[in-house]
Every structure is written in C-alpha cells, then in structure tokens.
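S.K.: Structure, please.
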Amino acid sequence: MSNDNLTHFGFQEVNEGDKEKKVAEVFDSVASRYDLMNDLMSAGLHRLWKRFAVAQSGVRKGARVLDIAGGTGDLSLAFAKRVGVEGQVLLTDINNAMLTHGRDRLLDRGYPVPATQCNAERIPFKNDVFDCVMVSFGLRNMTHKDAALAEMRRVLKPGGRLLALEFSRVWKPLAPLYDLYSFKVIPKIGQLVTHDAPSYRYLAESIRVHPDQEGLKSLMESVGLEKVEYFNLCFGVVALHRAYKF
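M.R.: Down below sits the predicted model:
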C-alpha cells in the first residue's frame, strides 16, 4: 500500500477508500441521538455558535443557500427562515441516516427543504448558483478538504460567501483541561447516550488532526477563496471561517 493512499481517520491512518465507509459507520450509529449529544457535549453552546454563523453569513430574503454536511438540518432550518419563500435552501449530506433525519425534521417544522445525498468533493450542482455555502462541523471528516473547498467555491456566485464552522485549536492554557474533557468525559457520555464510545473518541481525535485556524485559512486561500477571516468562539474551541468568491 502506498503512503500516498493513506489518510487520517482520527489518530489512525487508513486507506483513502476506507475512510468514507468508516465515517459513515460513525454517523449511522449516532444519527438518532446526534442533536441530544451536541446539546450535552457543548452545554447547548452549539446553538449559539450556529446562530452566530447564520448572522455572519449576511443571507437575506431571496438568497440561495447550500448547506453542506448539513446533518440533522438545524442550520438549513435557520437559513430557510431567513431566505423566505422567495429564496431556496438545499440540504446535503454524504450520510443517508443523517440526511433522512434532517429532511424529516424540516418537514415536521413545515419547511420542505430539498435534500440531496452527495459527497462534498463532488457537488452535483452547476457553477455560480449559490449566494452562500455553509459547512458546519463536517469539513474535518472529509478526505480531501482542498477538493471539497474548491467545489464549494465553484458553486458560489461571484460575490458569494463560504462559511465553515468547525472545531479548532483551543487557547493553549486551556488545552490540558480540554483534552481531559475530550478524551475522558465525552466518550463516557457517548457510551451512556448512544452506546457508542468509539464514535466519540473519533470525534476528539478528528479535531486534533484537523488544520488549526491559520492552517484552514491558508487552505481556503489556496483554492482561490479571498478575504478569508476567522472568528474564535469559546477560546478557540470552535472557529468560524468566512471567505468570498470574486
């Protein structure tokens, strides 16, 4: 096996062809309790982080928004309320269990948002069609992040905005406490709530091998995105990157 075919799955190195299957197994396992686990792990803060992301998007009525790796649809719902009947939101995810849960949740709320299962590295939409592309807590699971970011840029209209909300590098003095919480407490919560501690160990590991704030900024610039900036939330536990296509 060539090293060129290896990629990270948490702290493991796996064949690129196997990573997608392994990530799918993680989210198949946790889909039904995903929102509950997010509330428990973040003490509800993930709702504030997402609200901040939507506010920073600048999305208005009539806009077209693509929600990449949209999971259970909470951001699609927030955007759908913003764009109104004049606009459009499309929900995508690579994982069928997550996508189905999100689509059904949106329908239950009275928002028939179209849902498409797809790999973010091969987005099945034309060039220059969206005012905003949002990816929230999904980028770190992608095998070729540069390819995914390039695809997101491709489908943006000129002047459109890409927002990436993701776990990042915490303020260094807090790192030991954060590591203790990530590797000891979160897997135990995962075991109690979803009966799946390994998936939440993967979560902690995947954060550590994901690019930090400056690393992700550089990666976004390398695919042609411009005016890249980021906002640290909760001392860098999470960062929101915002970039433009011109």
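S.K.: Which neighbouring elements make contact with the helix or strand bottoming out on mean pLDDT in the chain?
M.R.: Least confident element among the helices and strands of the chain, by mean pLDDT, DSSP states H and E: helix 16-30 (a mean of 79). In this structure, helix 16-30 makes packing contacts with strand 6-9, helix 96-108, helix 186-194, helix 197-208, judged by 3 or more C-beta pairs under 8 Å, 6 or more residues apart in numbering; DSSP states H and E. The way it works is simple: take the backbone N, C-alpha and C, and place the C-beta from them, glycine included.
S.K.: mind listing the helices for this structure?
M.R.: 16-30, 34-42, 45-57, 74-83, 96-108, 145-155, 175-180, 186-194, 197-208, 213-222 (DSSP state H).
S.K.: which other helices and strands contact the fifth one?
M.R.: Judged by 3+ C-beta pairs under 8 Å, 6+ apart, the packing partners of helix 96-108 are helix 16-30, helix 74-83, strand 88-93, strand 115-117.
S.K.: Direction included, what does the last one pair against?
M.R.: Yep, that's strand 115-117 we're talking about. According to DSSP bridges, strand 115-117 has the following sheet partners: strand 88-93 (parallel).
S.K.: what residues does the partner strand touch?
M.R.: Identification of contacts with strand 88-93 by C-beta atoms under 8 Å, 6 or more residues apart in numbering yields 64-71, 73, 76, 79-80, 83, 99, 102-103, 106, 111, 113-118, 120, 123, 125, 138.
S.K.: Kindly report the same for stretch 220-230.
M.R.: So stretch 220-230 is contacted by 146, 149-150, 153, 162, 164, 213, 216-217, 239-246 (C-beta under 8 Å, 6+ apart).
S.K.: Now, of these, which are buried?
M.R.: 149-150, 153, 162, 164, 213, 216-217, 239-245 (16 or more other C-beta atoms under 10 Å).
S.K.: What is the nearest of these to residue 231?
M.R.: residue 240 (4.7 Å; C-beta to C-beta).
S.K.: who's in contact with the closest one?
M.R.: 49, 52-53, 56, 163-165, 230-231, 233.
S.K.: what about 6 Å?
M.R.: 53, 165, 231 (C-beta atoms under 6 Å, 6 or more residues apart in numbering).
S.K.: Switch those residues over to a markdown table, and while doing so, append pLDDT to every line.
M.R.: As requested, the contacts of residue 240 are exported to a markdown table (pLDDT from 0 to 100):
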| residue | pLDDT |
| --- | --- |
| 53 | 98 |
| 165 | 98 |
| 231 | 98 |
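S.K.: Any of the residues you listed buried? List them.
M.R.: Buried members of these, counted by 16+ other C-beta under 10 Å: 53, 165.
S.K.: Find the nearest non-adjacent residue to residue 237, please.
M.R.: Spatially, and ignoring its direct neighbours in sequence, residue 237 is nearest to residue 170 (5.2 Å; C-beta to C-beta, 6 or more residues apart in numbering).
S.K.: same thing with residue 121?
M.R.: residue 147 (4.5 Å).
S.K.: Counting neighbours, what do you get for the one you found?
M.R.: 15 (other C-beta atoms under 10 Å).
S.K.: repeat for residue 18
M.R.: 15.
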